[in-house]
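>>> coordinates only, sequence not included:
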């Protein structure tokens, strides 16, 4: 009897297991990974990206040649390299985002922030493998970052404390250009960057700096225009008869066509006699001549328009010694308004003196193989232009990116008014302070904060490695100098790549805005904490396949070989009662 009940119990349990339905939460084929293994995998993916970028760090950093879609990019700028790499790993994309954030926020330090984030993850990896909970690591990292910000605020130097503000800004720009392609002309471009930013006034809107590239000549042929410069636009016959140099001219800016408009397609006008046809033609000529007369009567000697200026208007203005240019790009027209004053008009009626701008001098001259229009000075003086010269196209593009970084650095230094020493000096000093701070902490956070301090040393170590120096010897000398003291301003000692030794980088004019270091350490810490907080990764292979195909649906999806058109789907859904349709992001 007992055996009979035993067999009944076994059969019943088997039947329940067979009858109970399986609960499927994810689509078939979805890959899920969780736990320590997937966290280590995410860290390894990020470290692979960091190993690709870290060789570009420092004055002796190497360039990367990246070819995508038949377009070749040569650069050692961290943000540019990260954008061109097209990273596919979902966790590693975080490093791309922090590089973009650093570039948008301060303009420089993009490689540093990626290298720091990778080193934080490298230090956290051993704790994860030893079984330390990620939240303890995250909390300790944020605690260390907060203390580092306090130390950074305490030791940073105000902008004009030791020498003039202009000289400090120029040295900051030179430091930003040290690792760029144009570093052998850093003195020339550093002065240009400082003059360009100071020429914008208190606003310091970098969009008001026009960057123009002209192939040919040497880099020192580049010039800074305190005003606006743009390439000569398309012109008609009679343009050469217009004046090419004017002193203190009035400038009229229009968003209006000054030419005979063609009729619309399928337009039809029925006339009964030649006189009616002639009246229509005369009316068209009268309208265009009235517009041109009002422009000349306003007193303007330079007329710019976003829309075309035809051959009739060009010859009309040339006969009256008025310069005109049509199809002027929108951003250049805005810079003219900022520099010369006035405002853009959409009609020629009621052209009062208040709507006209003026500049100290206007001229058109040859730059390389191109002709450029120059507007010097003006009452606004809130816009400048930089005309870059050079050989190959890739070289000029990299020079533009390098100068943009220098402009951003000068702007941040001017806005935040504090600087620190570069060359890895500030990272070594923060590492020393964090090690001493870790002694006051109990438990596991003490070891983790200590590892955070050790991770900061990656900057001077990588700078030394990229310069071909013995990084172990350099770091030992830096630790001895920062920890033992006994040398004046020992906290400003960093890597000297010229003498293969260490030096006072502050006295060596290697300066960086404190905001660059603050933003880099904060962003790197948050990126590392974000990756450490991920406990599961879900990957849908069908979504990846659709993304690889450019977002096209799979043929035959849903059991149909042909895809229904959008109009057919909308018509089918419109007949269903109680059903609402909404546009997603793709329908914007």
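The structure has been received and is ready for your questions. These numbers were taken from a predicted model, which means no experiment stands behind them.

>>> Isn't residue 248 up against residue 359?
Yes: between residue 248 and residue 359 there is a contact at 7.4 Å, judged by C-beta atoms under 8 Å. (Glycine included, C-beta is placed from N, CA and C.)

>>> Of those two, give the one with the bigger neighbour count.
residue 359 (26 against 11; other C-beta atoms under 10 Å).

>>> got the contact list for that one?
Shown in contact with residue 359 (C-beta atoms under 8 Å, 6 or more residues apart in numbering): 227, 248-249, 251, 339-340, 375-378.

>>> Next: residue 81.
With contact taken as C-beta under 8 Å, 6+ apart, residue 81 is in contact with 52-53, 56, 64, 66, 75.

>>> Please enumerate the strands of the stretch 201-350 of the chain.
209-215, 223-225, 227-231, 245-247, 250-254, 302-305, 323-325 (DSSP state E, counting those that start in this stretch).

>>> Comparing those, which stretch has the densest surroundings?
strand 302-305 (a mean of 26; mean count of other C-beta atoms under 10 Å).

>>> What strands line up against that strand, and which way round?
When pairing is defined by DSSP bridges, strand 302-305 lines up against strand 250-254 (parallel), strand 323-325 (parallel).

>>> which residues are contacting that strand?
Strand 302-305 is contacted from outside by 246, 249-258, 295, 309, 317, 322-328, 333, 336, 362, using C-beta under 8 Å, 6+ apart.

>>> Run the chain-centre distance for that strand.
32 Å (C-alpha atoms, centre = their mean, to the nearest Å).

>>> Looking at it now, give me its mean pLDDT.
Strand 302-305 shows a mean pLDDT of 93.

>>> Residue 191: what's its closest spatial neighbour, skipping adjacent residues?
The shortest distance from residue 191 to any non-neighbouring residue, by C-beta to C-beta, 6 or more residues apart in numbering, is to residue 170 (6.1 Å).

>>> Help me confirm that the one you found is found in a helix?
Yes: assessed with DSSP: H, G, I helix; E, B strand; the rest coil, residue 170 lies in a helix.

>>> sorry, back to before: just the ones in strands from the contacts of residue 81, please.
64, 66, 75 (DSSP state E).

>>> Quickly name whichever of the residues you listed is closest to residue 122.
residue 64 (21.5 Å; C-beta to C-beta).

>>> pLDDT of stretch 152-168, averaged?
Here the average pLDDT along stretch 152-168 is 83.

>>> whoops, stretch 516-523 was the one
Average pLDDT, stretch 516-523: 91.

>>> ok, and what's touching that stretch?
Contacts of stretch 516-523 (C-beta under 8 Å, 6+ apart): 98, 101-102, 105-106, 108-109, 112-113, 116-117, 145, 148-149, 152, 409, 412, 420, 426, 430, 456.

>>> Give me the buried entries from the contacts of residue 359.
Using 16 or more other C-beta atoms under 10 Å as the burial test, the contacts of residue 359 include 227, 249, 251, 339-340, 375, 377-378 as buried.

>>> Run a quick check on residue 333 versus residue 342, I expect a contact.
No: contact criterion C-beta under 8 Å: residue 333 and residue 342 do not qualify, at 10.9 Å.

>>> Tell me the residues that contact both of these two, please.
Counting by C-beta under 8 Å, 6+ apart, the residues touching both residue 333 and residue 342 are residue 253.

>>> Cross the contacts of stretch 516-523 against helices and list the overlap.
98, 101-102, 105, 112-113, 116-117, 145, 148-149, 152, 409, 412, 426, 430, 456 (DSSP state H).

>>> Let's see the pLDDT reported for residue 262.
For residue 262, the predicted pLDDT is 65.

>>> if we look at stretch 365-373, which residues are touching it?
By C-beta under 8 Å, 6+ apart, stretch 365-373 touches 212, 214-217, 229-232, 244, 325, 362-364, 374, 387, 389.

>>> sec struct for residue 432, please.
Residue 432 is classified as helix under three-state DSSP.

>>> Find the nearest non-adjacent residue to it, please.
residue 482 (4.8 Å).

>>> Residue 428 versus the one you found, what's the distance?
5 Å (C-beta to C-beta, to the nearest Å).

>>> shared neighbours, these two?
residue 493.

>>> what about these two, which has more around it?
Between residue 482 and residue 428, residue 428 has the larger neighbour count (other C-beta under 10 Å), namely 29 against 22.

>>> Now the host helix or strand of that one: average pLDDT?
Per DSSP states H and E, residue 428 falls inside helix 425-438. Mean pLDDT, helix 425-438: 93.

>>> Identify the residues contacting residue 248.
Neighbours of residue 248 in contact, by C-beta under 8 Å, 6+ apart: 358-361.

>>> which of these tops the neighbour count?
residue 359 (26 neighbours).

>>> and residue 373, that one's in a strand?
Yes: counting by three-state DSSP, residue 373 is part of a strand.
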